[in-house]
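Undergrad: can you look at this prediction? I've put the sequence above it.
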There are 2 protein chains.
Amino acid sequence: MTEVRIIGIPGIPEIHEGDDLPSMIVTAARENNIAIEEGDVLVVTQKVVSKAEGRIVDLDDITPSPFAESYAREFEKDARQIEVVLRESKRIVRQQHGVMICETYHGFICANAGVDASNVEKTGTVCLLPVDPDASVRAIRDAVKAQLGVTTAVIMSDTFGRPWREGHVNFAIGLAGIAPVIDYSGQVDPAGYELRVTQMAVVDELAAAAELVHGKLARVPVAVVRGVEYAASEDASTSLLIRPAERDMFR
Amino acid sequence: MTEVRIIGIPGIPEIHEGDDLPSMIVTAARENNIAIEEGDVLVVTQKVVSKAEGRIVDLDDITPSPFAESYAREFEKDARQIEVVLRESKRIVRQQHGVMICETYHGFICANAGVDASNVEKTGTVCLLPVDPDASVRAIRDAVKAQLGVTTAVIMSDTFGRPWREGHVNFAIGLAGIAPVIDYSGQVDPAGYELRVTQMAVVDELAAAAELVHGKLARVPVAVVRGVEYAASEDASTSLLIRPAERDMFR
């Protein structure tokens, strides 16, 4: 029987800059009798990592540009928050209906460059993506290894909208210890047909699956996923998940 | 402790037109000692439903149009298969790099209108999406209710590429008994901030999660997902997942 378990780790307190997030994860797991095991995948939401890394901006410290001012006026937004979005962006992919789809300097294409005012402690502040999400989760993975002696994979998840489809899902924006894509190219299906283009983004599926226990209001920012077949990789990077512009039809 | 379990149902044989898929699912679950319980979500891959419904086309029966001929010649494809894709499409959204992104008559936007030559038994045939995926899974849900006396939700999943990101994930193309989106609008986060735009596409997350046990070569076309909070709905429809064109930035 194939079974995958997704176990939410409750009891992680509100995170502040400088907090030792890996130790807090290990402690919360222990207090809830959740053993983190060899090969488990930990899925950690972006928000708690950003908070631990101090990626919170006080809008009072931001002076918006004229471009941010005029856009904010037209769509009744906070010009300072728009300014932060622009500073996190390499390029604006679409700007319509009061929505900005941005390419971040990491290469992710997402609404508002990942800048978010929800689930921050203080009104008037916004949360940015970590500077180097792969490095962030690599540090968590290393700490779990050091403290518990088990080798895991760690994924950072964030909430994405999608073209054409309503609603959001969580996808991966950082990874350590796991190859992001399982490539079936050249393998044959049970009928002997060669699978030519099927590459499954297993880290995105893991991020989406873990959101089922994270919830938006539930304060369960970390989940353990057990039983998934994945390719362990010491040097995989999230950059492998980003489609090169020359092969992309929707830039 | 919050835990979600994804249990693959093995032992479902190759499916042919006219097969009683719901009974085969119930039987395979029983033979593997997997109890299907009240509130469980069954995730069934599109391919087995299409096969049971006879949605297989023999390419020898297809006469390609001149448009299909010229496109197939340019990109070294089978003109008959291109013709089938065109017949399943309402509109071509993009046609570049030898890839056709189509809007199906259901409203899904996906590569090749969901027409697929992999995992079909006979070379020279292709598999189409079910005509009415919601009706297909509603029939499965009703049969499970009749045979086991339990009320479930049922989702049909299919494999999607995404703009900007490499790799594929499974998303939902049919549903019964479950609202596709959880709407947090108007709810407040722990800091008192009102969540304005967050709607989570729980059925897409369930489809993605279930793919972790389906696999591409594993012949596990049905998974039971247990422990997920969702809004039961008797009249929800996949059409709620399709973003109206006037609010879409990538048509």
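TA: Okay, I see it. Numbering: from 1, shown residues only, chains lettered A, B, ... in the order given.

Undergrad: and the stretch 1-150 of chain A, which residues reach chain B?
TA: Residues of the stretch 1-150 of chain A lying close to chain B (C-beta under 8 Å from any C-beta of the partner chain) are A:1-8, A:10, A:14, A:32, A:34, A:94, A:96-97, A:99, A:101, A:108-109, A:117-123. All C-beta spots, glycine's among them, are computed from the backbone N, C-alpha and C.

Undergrad: repeat that for 7 Å
TA: Neighbours of chain B within the stretch 1-150 of chain A, by C-beta under 7 Å from any C-beta of the partner chain: A:1-8, A:10, A:32, A:94, A:96-97, A:101, A:109, A:117-121, A:123.

Undergrad: report the secondary structure state of the closest residue to chain B within the stretch 51-200 of chain A.
TA: Chain B sits closest to residue A:167 of the stretch 51-200 of chain A, with a gap of 2.9 Å, by C-beta to the nearest C-beta. Judged by DSSP: H, G, I helix; E, B strand; the rest coil, the three-state class of residue A:167 is strand.

Undergrad: which of the three states applies to the closest residue to residue A:115 other than its chain neighbours?
TA: Once flanking residues are discounted, residue A:115 sits nearest to residue A:85: 4.9 Å by C-beta to C-beta, 6 or more residues apart in numbering or on different chains. Under three-state DSSP, residue A:85 falls in the helix class.

Undergrad: contacts only, for residue A:85.
TA: A:100, A:102, A:112-113, A:115 (C-beta atoms under 7 Å, 6 or more residues apart in numbering or on different chains).

Undergrad: what does residue A:10 give?
TA: By C-beta under 7 Å, 6+ apart, the contact set of residue A:10 is A:28, A:32, A:220, B:1-2.

Undergrad: write a ChimeraX command that selects only the buried members of the residues of the stretch 1-150 of chain A next to chain B.
TA: Per 16 or more other C-beta atoms under 10 Å in any protein chain shown, the buried members of the residues of the stretch 1-150 of chain A next to chain B correspond to this ChimeraX selection:
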select /A:2,4,5,6,7,8,10,94,101,109,117,118,119,120,121
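
Undergrad: among the residues of the stretch 1-150 of chain A next to chain B, which are in strands?
TA: Among those, the ones falling in strands (DSSP state E) are A:3-8, A:94, A:96, A:101, A:109.

Undergrad: tell me the two of those residues that are most distant?
TA: Pairwise distances across those (C-beta to C-beta) peak at 43.6 Å, for the pair A:3 and A:96.

Undergrad: so for the lengthiest helix in chain A, mean pLDDT?
TA: Identified as the longest helix of chain A according to DSSP state H is helix A:133-148. The pLDDT scores in helix A:133-148 average 98.

Undergrad: list the contacts of the helix or strand just after it.
TA: The element immediately downstream of helix A:133-148 (helix or strand, assigned by DSSP states H and E) is strand A:153-162. If you take C-beta under 7 Å, 6+ apart as the criterion, strand A:153-162 is touched by A:41-46, A:49, A:110-111, A:114, A:133, A:136-137, A:140-141, A:168-178, A:203, A:206-207, A:210-211, A:230, A:232, B:162.

Undergrad: coming back round to it: mind checking which of the contacts of residue A:10 land in helices?
TA: Using DSSP H, the members of those that fall within helices are residue A:28.

Undergrad: among the contacts of residue A:10, which has the minimum pLDDT value?
TA: Within these, residue B:1 has the lowest pLDDT, namely 66.

Undergrad: any chance of TSV for the contacts of residue A:10, columns distance to residue A:156?
TA: Listed next are the contacts of residue A:10 as TSV, based on distance: C-beta to C-beta, whole Å:
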residue	distance to residue A:156
A:28	17
A:32	21
A:220	15
B:1	22
B:2	19
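
Undergrad: and residue A:228, how many neighbours?
TA: By the other C-beta atoms under 10 Å in any protein chain shown criterion, the neighbourhood of residue A:228 contains 22 residues.

Undergrad: please apply the same query to residue A:174.
TA: With other C-beta under 10 Å as criterion, residue A:174 counts 27.

Undergrad: which SS class is it?
TA: strand.

Undergrad: which residues does it form beta bridges with?
TA: residue A:156 (DSSP bridges).

Undergrad: contacts only, for it.
TA: Shown in contact with residue A:174 (C-beta under 7 Å, 6+ apart): A:130, A:133-134, A:136-137, A:155-156, A:238.

Undergrad: just among those residues, which is most surrounded?
TA: residue A:155 (31 neighbours).

Undergrad: confidence score at residue A:216?
TA: pLDDT, residue A:216: 70.

Undergrad: returning to what we had before: quick check, the residue of the stretch 51-200 of chain A closest to chain B in contact with residue B:199.
TA: Yes. Between residue A:167 and residue B:199 there is a contact under C-beta atoms under 7 Å: 4.7 Å.

Undergrad: what's the overlap in contacts for the two?
TA: Common neighbours of residue A:167 and residue B:199, using C-beta under 7 Å, 6+ apart, are residue B:181.

Undergrad: between those two, which is the more surrounded one?
TA: residue A:167 (21 against 17).

Undergrad: excluding its backbone neighbours, what's nearest the more buried one?
TA: Once flanking residues are discounted, residue A:167 sits nearest to residue B:201: 2.9 Å by C-beta to C-beta, 6+ apart.

Undergrad: tell me the contacts of the one you found?
TA: A:165-169, B:180-181, B:241.

Undergrad: tell me which helix or strand comes right after the helix or strand bottoming out on mean pLDDT in chain A.
TA: Of all helical and strand segments in chain A, the minimum by mean pLDDT, DSSP states H and E falls on strand A:182-183, at a mean of 89. Where DSSP H and E defines the elements, the next helix or strand beyond strand A:182-183 is strand A:199-200.

Undergrad: tell me the helices and strands packed up against that following strand.
TA: strand A:182-183, strand B:165-178 (3 or more C-beta pairs under 7 Å, 6 or more residues apart in numbering or on different chains; DSSP states H and E).

Undergrad: name the residue closest to the centre of chain A, please.
TA: For chain A, the residue nearest the mean C-alpha position is residue A:157 (2.5 Å; C-alpha atoms, centre = their mean).

Undergrad: where in chain A is pLDDT low?
TA: Within chain A, the stretches with pLDDT under 70 are A:1, A:190-194, A:196-197.

Undergrad: now do the domain split for it, please.
TA: Following automatic domain parsing, one gets these domains for chain A: A:5-53+A:130-242, A:57-126.

Undergrad: so which of the ones you listed gets nearest residue B:68?
TA: Across the domains of chain A, closest to residue B:68 is domain A:5-53+A:130-242 (C-beta to C-beta), at 19.5 Å.

Undergrad: correct me, but residue A:5 touches residue A:213?
TA: No. Using C-beta under 7 Å as the test, residue A:5 is too far from residue A:213 to be in contact (10.2 Å).

Undergrad: leaving out sequence neighbours, find the closest residue to residue A:96.
TA: In space, residue A:96 is closest to residue B:249, 5.0 Å off (C-beta to C-beta, 6+ apart).

Undergrad: host element of that neighbour?
TA: Counting by DSSP H and E, residue B:249 is found in no helix or strand.

Undergrad: wait, what's in contact with it?
TA: So residue B:249 contacts A:94, A:96, A:101, A:163 (C-beta under 7 Å, 6+ apart).
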